[in-house]
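1. okay, here's the prediction I keep looking at, along with the sequence it came from:
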Amino acid sequence: MRILRSIPVLVAAVLVAAIPLTSTAQAWPCVGVNVAVPPPPLPAYSQPPPPAPNYAWNPGYWAWGAYGYYWVPGVWVAPPAVGLYWTPGYWAFSGGGYVWNAGYWGAGVGFYGGINYGFGYFGIGFVGGTWAGGTFNYNTAVTNVNTTVIHNTYFDKTVINRSVITHRRVSFDGGHGGLKARPSAAQRAIARRPHVDPTPEQLRHAQMAGLNRNNLAAFNHGRPRRSYKPLSNADRVVAQRQALSRLHVAGAPSGAQRSQAPARSSSERAAVTHHQPSRAASRVARAHAAAPPSVVQAPRSPAGHPSSRSLGSGHRPPRI
């Protein structure tokens, strides 16, 4: 019986090893900086239902780009392979500032700083659902699911208390006012396993979020709006000026040193140097402000494979 239960995990591990890794350091907006101030608290928002079976939830987070901190809304994405779970990225205090640890796909959910992202990611692991064979079953106690469209659901509220580190909306680990989470032995083991980097769809979503004025912390003051408003030239100047005042380190990921944040995997890299922004770095930042970041065109996502078997009644979770 134990052998049968372990088969999906073994299959997922094989798939992880077979999928080619992408270059996170070249595409992820947060990589390559050490910011002097922490990201804003996580805002409250409602989760939309998944668009199709087998989609995974990528919770919202604060990213760093050419215009400073900006909010990346939560989004449903198609996993790169059946059986893989998403471990969210997180900010951690290291090297005198705050560095980003990129998220990744794997056969299990690893350490993500103890951040309470909500909707199943309450600080420890993930309780929003589980894979069973080739089908993902959603826990409607913590996940918003339209059960008239998706029938693979169950209801288990008991898992919440075992997964919550804190109810605060702190968005970083370590430093003044940050969480004091540390990875467990099991989470360290997951970090050492093969990983798959974020998909092109996730990268494109993060990059596009940085072009929305309402997502920039310079304008929303930690309270992002849902509407879309493109950046004007005046917006770029204001946001870039604020970003430079908060940037502790300006440098390209190619010349970076790996930070010493706990449980860092090969896909969780942050560039760290120890110099104040130079005039040359300021000129580079202004050049970035004049030209928006490139956008990776995402491939069409698979629709998944729905099943007619239902594990429980549907329930819309409360807004957290």
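-> Looks like it came in fine. It should be emphasised that the depicted structure is a prediction, and the values quoted were computed from it without experimental measurement.
2. tell me how many other residues crowd the nearest residue to G65 once chain neighbours are set aside.
-> Closest residue to G65 apart from its sequence neighbours, by CB to CB, 6 or more residues apart in numbering: G210 at 4.1 Å. Quick note: C-beta positions are derived from backbone N, CA and C, even for glycine. G210 sits with 23 neighbouring residues when counted by other CB atoms under 10 Å.
3. local confidence estimate at G210?
-> Per-residue pLDDT puts G210 at 93.
4. equivalent analysis for P39, please.
-> 96.
5. now do the SS call for it.
-> Following DSSP: H, G, I helix; E, B strand; the rest coil, the label given to P39 is coil.
6. cool, the one 3 residues further on as well?
-> Classification of L42 by three-state DSSP places it in coil.
7. neighbours of it, how many?
-> Neighbours around L42, by other CB under 10 Å: 22.
8. report the contact partners of it.
-> Contact partners of L42, counting by CB atoms under 8 Å, 6 or more residues apart in numbering, are 60-62, 115-118, 169-171.
9. okay, and the beta partners of G97?
-> S94 (DSSP bridges).
10. thought it was touching N34?
-> Yes: using CB atoms under 8 Å, G97 is in contact with N34, at 3.8 Å.
11. who has more neighbours, these two?
-> Neighbours per residue, other CB under 10 Å: of G97 and N34, the larger number sits with N34, 26 against 22.
12. all helices of the protein, in order?
-> Assigned by DSSP state H, the helices in the chain fall at 2-18, 24-27, 185-192, 200-209, 217-220, 233-246, 279-290.
13. ok, and the closest non-adjacent residue to P39?
-> Using CB to CB, 6+ apart, the closest residue to P39 is W62 (3.7 Å).
14. ok, now W91?
-> Using CB to CB, 6+ apart, the closest residue to W91 is F172 (3.9 Å).
15. that neighbour and A181 touch, don't they?
-> No: applying CB under 8 Å as the test, F172 and A181 come out as separate, 10.3 Å apart.
16. any common contacting residues for these two?
-> Here F172 and A181 have 113, 115 as joint contacts, going by CB under 8 Å, 6+ apart.
17. who has more neighbours, these two?
-> Using other CB under 10 Å, the more surrounded residue of F172 and A181 is F172, with 26 against 22.
18. contacting residues for the more buried one?
-> 38-39, 90-93, 98, 113, 115, 178-179.
19. kindly provide the distance from it to P48.
-> Here F172 is placed at a distance of 26 Å from P48 (CB to CB, to the nearest Å).
20. contact partners for R168?
-> With CB under 8 Å, 6+ apart, R168 has these contacts: 41, 116.
21. before we move on, what about D173?
-> 90-93, 113-115, 179-181, 261.
22. what's the ChimeraX line that selects buried ones from these?
-> What follows is the ChimeraX syntax selecting those of the contacts of D173 that are buried according to 16 or more other CB atoms under 10 Å:
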select :90,91,92,93,113,114,115,179,181,261
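23. what is the neighbour count of the residue nearest to V145 when sequence neighbours are not counted?
-> Of all residues not flanking V145 in the chain, Y138 sits nearest, at 4.7 Å (CB to CB, 6+ apart). As a burial measure, Y138 scores 29 neighbours (other CB under 10 Å).
24. so Y138 makes contact with N144?
-> No: using CB under 8 Å, Y138 is not in contact with N144; the gap is 9.0 Å.
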